[in-house]
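test case, fold it:
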Amino acid sequence: MGQSAVMGAVMQCTFGLAPSTLSPLPVSRVMIEGRPAATITDIAPGVNIPPFGMCTSLSNPTVAAATSAALGVLTPMPCVPAVAGPWKPGALRTTLGGKPALVSGSTCNCAFGGLISLTMPGAVRTTAS
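So this is what the prediction gives:
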């Protein structure tokens, strides 16, 4: 059981240089504490998950190319998240529109090797199980 994730939840990627905020679409029409609630499928880059500033992963082709051009000196490039799958784990019993609710402690993977985690879920009084 964890706190429910809502619009404005703060996220961080292990290879990103800045935090970002979650933007779930109000598709399920469920509001928690006055904000749209998130599900484990809210993973669309640029829609649900904005960039994390600059990316430092050498698995990211733009970072690898810039680092190579700088003779091996790590050269961060703009982050463009490439989410590889849904958030895990979601709520065990709480569903929104048939999908598990997103809760604190959930993570998802970026195809470039980063682990995206919720550092502050947004909802402070509401929990999901």
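
tell me which element the most far-flung residue of the chain relative to its centre is part of?
With distances taken as C-alpha atoms, centre = their mean, the residue sitting farthest from the centre of the chain turns out to be residue 71, at 31.8 Å. For residue 71, there is no enclosing helix or strand under DSSP states H and E.

go on, residue 65?
Secondary structure here is read from DSSP H and E; on that basis residue 65 sits in helix 61-69.

same for that helix, what does it pack against?
Applying 3 or more C-beta pairs under 8 Å, 6 or more residues apart in numbering; DSSP states H and E, we find helix 61-69 packed against strand 77-78. Any C-beta I mention is one placed from the backbone N, CA and C, and that applies to glycine too.

ok, residues contacting the strand it packs on?
51, 53, 54, 55, 60, 62, 63, 66 (C-beta atoms under 8 Å, 6 or more residues apart in numbering).

buried subset of those as a ChimeraX selection?
When burial is assessed using 16 or more other C-beta atoms under 10 Å, the buried subset of the contacts of strand 77-78 is captured in ChimeraX by this command:
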select :51,55,60,62,63
